[in-house]
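Undergrad: the following block contains a protein sequence and its predicted model.
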Amino acid sequence: MSPHDGYAAGMPAESEGLRTEVDGHVLTLTNLDKVLFPDGTTKAELIDYHVAIAPTLLPHLAGRCITRLRFPNGADAESFYEKNAPAGTPEWVHIQQVLAAGSRIDYVVADDAATLVWLANLAAIELHTPQWRLGDSPTGAGEPIGFDGENSVRATTLVVDLDPGPGISAHQLAAAAMMAATELAGEGLVPFVKTTGSKGLQVMAPIEPSAWREVVDQVRILGLRLARARPDLFVITMNKAARPERIYVDHLQNRADRNTISVYSARGRAEPRVSTPLTWDEVAAVGPGDELHFTIRDVPERVATLGDVWEHLLDPEVAAPLPRFVAPEQ
C-alpha cells in the first residue's frame, strides 16, 4: 500500500498529519496535498514515487552519504542544501560522521524505504551522493571518516559530467556521451550513462577503490583529450563565456567533497524530472530535435519494463582499475 492510502477518504486533518508504517517504522506524513512542482505534482506523489522506486534506488544509495536539496515551499521557491541530519531525525535513521575541513558532518545514509519516505516528507526532492562509499576506506567501523590522510575515503565510481552550454542539443550531447564512453572503454572500464534530470548527461564507470585526487586528475586528462579531439564540442574551463554551444567536462565532480545527483533521484524543476539511467542503444538513437526527459510518472514503468539498466554498475566484478590516460601534447 501507498503510505498515504486512504488520506483522501477521511484521514486526519493536515495539522495532525497521517501516521503510517513503512519497514516497521512509524512516520507522520504532513501536507500531503502540498504542490511541490509547478506542474501540480504533490508531496503525496513524490512519496509514492519513493515507495515505488525504493527497491531499485536503495542498492545505488547503499553506503553513500546523502546531501539533500530541500524545497519546503515547492520547486519554484527558495531551496537549500542540507548535509547534516536535521533536528528531529528519527533514531532509526542511519547517521554517518564525516570530518571535512576540520568540522564534523552528520550525514544521512538511506538503508530502507522508510528513510526515503521520511526524506520526501521533508520536501527533500533531490538526493546527491559522492563517488565514494562507506566501508571502502581503512577507517574502523563506527569511526568518523574524512577526505585526507591514511583514512581518506576512496572513490568506487568515476563520473564524466557533461554540462551543455546554451545552444547544445540532446543529439550533440548524446554524441559527446558516446565519445566519452569510448575513451573509458578503451581503458578497460565499463561505462554507464544517465540523464541528470536537468540539462546534462553523466557517464559513470565502476572502479576499484582509488584515491579520489587521482580520479579527479584522470578525468581532467580525459577532458583535455576530448577538448583536443573536438574543440568545437568540448571545453574544460568553468568560464561560462566560453561555453555557448560547447559542453563543459566537469572533472571536479569527482572530488570527495562534491556530490552528484543520484540515479533515480527527482529534480526540483517545473516538472518532477528524474536522473534516469539509459541504455546505450537509447543514447545512440537520439536524433536532431529529440529530447531525453523522464519524470516520476515515467520511471517506475521503465523499470518494470527494462529492469534496472544500471544493475551491473553495482557488480564488484565489473569494477576496473583506475585508468591512466595520456595527456595530449600541448
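TA: Nice, thanks for sending it over.

Undergrad: where in the stretch 101-250 of the chain is pLDDT low?
TA: Residue ranges of the stretch 101-250 of the chain with pLDDT under 70: 137-143.

Undergrad: OK, contacts around the nearest residue to residue 76 once chain neighbours are set aside?
TA: Nearest residue to residue 76, sequence neighbours excluded (CB to CB, 6 or more residues apart in numbering): residue 38, at 4.9 Å. For the C-beta atoms, the positions are set from N, CA and C on the backbone; glycine is no exception. Residue 38 makes contacts with 74-76, 270-271, as judged by CB atoms under 8 Å, 6 or more residues apart in numbering.

Undergrad: now, of these, which are buried?
TA: The neighbour count (16 or more other CB atoms under 10 Å) marks 74-75, 271 as buried among those.

Undergrad: closest to residue 149 among the contacts of residue 38?
TA: residue 75 (39.1 Å; CB to CB).

Undergrad: which ones are touching the residue nearest to the closest one when sequence neighbours are not counted?
TA: Closest residue to residue 75 apart from its sequence neighbours, by CB to CB, 6+ apart: residue 268 at 3.9 Å. The neighbours of residue 268, taking CB under 8 Å, 6+ apart as the test, are 37, 69, 71, 75, 79, 125-126.

Undergrad: phi first, then psi, for the nearest residue to residue 312 once chain neighbours are set aside.
TA: Using CB to CB, 6+ apart and skipping residues adjacent in sequence, the residue nearest residue 312 is residue 318, 5.4 Å away. Torsion angles at residue 318 (phi, psi; degrees, to the nearest 10) stand at phi -90, psi -20.

Undergrad: burial measure for residue 318, as a count.
TA: 15 (other CB atoms under 10 Å).

Undergrad: need the pLDDT of it.
TA: At residue 318, the model reports a pLDDT of 97.

Undergrad: residues touching it, list them.
TA: Residue 318 makes contact with 190, 206, 312 under the criterion CB under 8 Å, 6+ apart.

Undergrad: check contacts around the last one.
TA: Read that as residue 312. Neighbouring residues of residue 312 by CB under 8 Å, 6+ apart: 190, 192, 318.

Undergrad: out of the residues you listed, flag the one nearest to residue 100.
TA: Of all the contacts of residue 312, residue 192 has the smallest distance to residue 100: 27.6 Å, by CB to CB.

Undergrad: reformat the contacts of residue 268 as CSV; add distance to residue 45 and secondary structure.
TA: CSV is the format used below for the contacts of residue 268 (distance: CB to CB, whole Å; DSSP: H, G, I helix; E, B strand; the rest coil):
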residue, distance to residue 45, secondary structure
37, 9, coil
69, 18, strand
71, 14, coil
75, 13, coil
79, 18, coil
125, 11, strand
126, 16, strand
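
Undergrad: which of these lies closest to residue 46?
TA: Looking across these and measuring by CB to CB, the closest to residue 46 is residue 125, at 6.8 Å.

Undergrad: would you mind confirming that that closest one makes contact with residue 72?
TA: No - contact criterion CB atoms under 8 Å: residue 125 and residue 72 do not qualify, at 10.1 Å.

Undergrad: out of those two, which sits in the more crowded spot?
TA: Between residue 125 and residue 72, residue 125 has the larger neighbour count (other CB under 10 Å), namely 26 against 14.

Undergrad: nearest residue to that one in space, please, no chain neighbours.
TA: Nearest non-adjacent residue to residue 125, counting by CB to CB, 6+ apart: residue 268, 4.5 Å away.

Undergrad: need the pLDDT of that neighbour.
TA: For residue 268, the predicted pLDDT is 97.

Undergrad: next: the one 4 residues further on.
TA: The score at residue 272 is 97. That number is its pLDDT.

Undergrad: quick revisit: state the pair within the contacts of residue 38 that is farthest apart.
TA: Farthest apart among these - using CB to CB - are 74 and 271, which lie 12.3 Å from each other.

Undergrad: residues that sit against both of these two, list them.
TA: Common neighbours of residue 74 and residue 271, counting by CB under 8 Å, 6+ apart, are 37-38.

Undergrad: the closest residue to residue 236 other than its chain neighbours in helix, strand or coil?
TA: Of all residues not flanking residue 236 in the chain, residue 223 sits nearest, at 4.4 Å (CB to CB, 6+ apart). Three-state assignment for residue 223 (DSSP: H, G, I helix; E, B strand; the rest coil): helix.

Undergrad: name the residues that touch stretch 180-191?
TA: Against stretch 180-191 from outside (CB under 8 Å, 6+ apart): 158, 160, 162, 193, 203-207, 222, 225-226, 249, 280, 312-313, 318, 320-321, 323-325.

Undergrad: weed out the non-buried ones from those.
TA: Buried subset of those (neighbour count, 16+ other CB under 10 Å): 158, 160, 162, 193, 203-207, 222, 225-226, 249, 313, 320, 323, 325.

Undergrad: next step: these restricted to helices.
TA: Judged by DSSP state H, helices contain the following of the buried ones among the contacts of stretch 180-191: 222, 225-226.
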